[in-house]
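Q: Sequence first, predicted coordinates after that:
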Amino acid sequence: MTSSNWQNEIIYITGGNSGIGLAQTTEFLQLDATVIVFDISDTNLKLLASNYNNLNFFVADVSHPEEFTNQLENAEKKFGAATILCNTAGILDQYRPLLETDLDDWQKFLNTNLTSIFTACRFVLPEMLNQQHGVILNMASIAGLVAGGGGIAYTSAKHAIVGFTKQLDFEYANQGIRVNAIALGAIDTPMNQADFADDAKMAKWVAKETPAQRWGQASEVAKLSRFLVSPESDYIHGTIVPIDGGWTAK
């Protein structure tokens, strides 16, 4: 798809202020798409906006459905309905097992990682159906495919995203909607770095767990995202695409 074609796209991205979401935001801005970001922080977005007049953003805690929906409504009124939705916002649970996870923790991780996707999809889908066209890309994880990629709350949420993605595509594929997900492996982001005390520990962990023996880069995920929301992947439906350096091939 040429740059001129991307100019017709209105792309909503959650969690676009840092990490993978920021890489996606930058990728689509460079294609001249209209990009609208929803994040609890806007520090990096303010810097990015100085270089791109096609970037717009709303500060919102996506784990709170009412607050998030209000900002989605504001975005749609001001900039138009989404043609593409990238549900990228997420938080880690520091590999906490069940007995170290209380109900508040459980709800926090599920609200951010899972309920935010439900909220965003419920909002954008009616207009996508009116247009008989729309693309939704969810951010899952290898923790949504196997055990051991996170704690109990994170793993549960990511498994749910896998099921949600498949079912949503099944329900609306015949009405012009495509829904897919990316299953992330070890991606070098600020959020993942915070899970490790030092670079040596990170390198040892990646060498042990990942056949490629390196961290993936957020820019690599952004390029995969670009493909999965483009017409080039038009026949890819309800699919979970790993980008994990071979983790799930073991």
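A: That came in fine, so what should we check first? Numbers count the residues shown, from 1 in each chain.
Q: give me the low-pLDDT residue ranges for the protein?
A: 1-4, 192-203 (pLDDT under 70).
Q: Nearest to the spatial middle of it, which residue is it?
A: The chain has Thr88 as the residue nearest its centroid, 1.8 Å off, counting by C-alpha atoms, centre = their mean.
Q: For Lys208, see how far away that one is.
A: 27 Å (C-beta to C-beta, to the nearest Å). No exception for glycine: its C-beta is placed from N, CA and C like everyone else's.
Q: ok so, going back, show me the residues around the residue nearest to the centre of the chain that make contact.
A: Counting by C-beta atoms under 8 Å, 6 or more residues apart in numbering, Thr88 makes contact with Ile13, Thr14, Gly15, Gly16, Ile20, Gly21, Gln24, Met139.
Q: For my notes, please list those residues in JSON lines and give distance to Ser233, secondary structure and neighbour count for each entry.
A: Output for the contacts of Thr88, formatted as JSON lines (distance: C-beta to C-beta, whole Å; DSSP: H, G, I helix; E, B strand; the rest coil; neighbours: other C-beta atoms under 10 Å):
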{"residue": "Ile13", "distance to Ser233": "18", "secondary structure": "strand", "neighbour count": "28"}
{"residue": "Thr14", "distance to Ser233": "21", "secondary structure": "strand", "neighbour count": "26"}
{"residue": "Gly15", "distance to Ser233": "22", "secondary structure": "coil", "neighbour count": "27"}
{"residue": "Gly16", "distance to Ser233": "21", "secondary structure": "coil", "neighbour count": "30"}
{"residue": "Ile20", "distance to Ser233": "18", "secondary structure": "helix", "neighbour count": "29"}
{"residue": "Gly21", "distance to Ser233": "20", "secondary structure": "helix", "neighbour count": "29"}
{"residue": "Gln24", "distance to Ser233": "15", "secondary structure": "helix", "neighbour count": "29"}
{"residue": "Met139", "distance to Ser233": "16", "secondary structure": "strand", "neighbour count": "25"}
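Q: nearest to Gly216, of the residues you listed?
A: Gly216 has its nearest neighbour among the contacts of Thr88 in Ile20, at 9.6 Å by C-beta to C-beta.
Q: pretty sure the closest one contacts Leu137?
A: No - counting by C-beta atoms under 8 Å, Ile20 stays clear of Leu137, with 11.2 Å between them.
Q: which non-adjacent residue is nearest Ala161?
A: Heads up, residue 161 is Ile, not Ala. In space, and not counting its chain neighbours, Ile161 is closest to Ala140: 4.6 Å by C-beta to C-beta, 6 or more residues apart in numbering.
Q: Angles on the backbone of that neighbour, please.
A: Torsion angles at Ala140 (phi, psi; degrees, to the nearest 10) stand at phi -100, psi -150.
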